[in-house]
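S.K.: model this:
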Amino acid sequence: MKQTTLYSAVKRLESGGLVVASPGVSPTGKPRTYYSITDDGLAHVALKTEEWRHTKTVVDRFVDQHPEGGTP
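M.R.: Residues are numbered from 1 along each chain as shown. The predicted structure follows:
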């Protein structure tokens, strides 16, 4: 993943209130930005996890009904 892609994603999460940024210093002394997930972020993860479980259940049922090589 490109650094710019990751940075863009983190900035979207931050603007959505799902993470917060805080300044810090790395062990080498360089300035760093550290991100922490917020309560809203945790709730969002829980929601998306439940959505994924539901989707996976539907896909699993479809796959289980149509073994490899069979026709749907």
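
S.K.: What residues sit buried inside the lengthiest helix in the chain?
M.R.: Counting residues, the longest helix in the chain under DSSP state H turns out to be helix 39-65. Residues of helix 39-65 classed as buried: Gly41, His44 (neighbour count, 16 or more other C-beta atoms under 10 Å). (Each C-beta comes from the backbone N, C-alpha and C, glycine too.)

S.K.: again, but for stretch 13-28
M.R.: Within stretch 13-28, the residues that count as buried by 16+ other C-beta under 10 Å are Leu13, Glu14, Leu18, Val19.

S.K.: ok, now which ones touch the third one?
M.R.: Think Leu18. Going by C-beta atoms under 8 Å, 6 or more residues apart in numbering, Leu18 touches Ile37, Thr38, Asp40, Gly41, His44.

S.K.: From Ile37, how far out is the residue minimising distance to the centre of the chain?
M.R.: Of all residues in the chain, the one closest to the mean position by C-alpha atoms, centre = their mean is Val45, 7.1 Å from it. Distance, Val45 to Ile37, by C-beta to C-beta, to the nearest Å: 7 Å.

S.K.: again with His66
M.R.: 38 Å.

S.K.: So the two - more neighbours on which side?
M.R.: Neighbours per residue, other C-beta atoms under 10 Å: of His66 and Ile37, the larger number sits with Ile37, 14 against 11.

S.K.: If we ignore the residues flanking it in sequence, what's nearest the more buried one?
M.R.: In space, and not counting its chain neighbours, Ile37 is closest to Val19: 5.6 Å by C-beta to C-beta, 6 or more residues apart in numbering.
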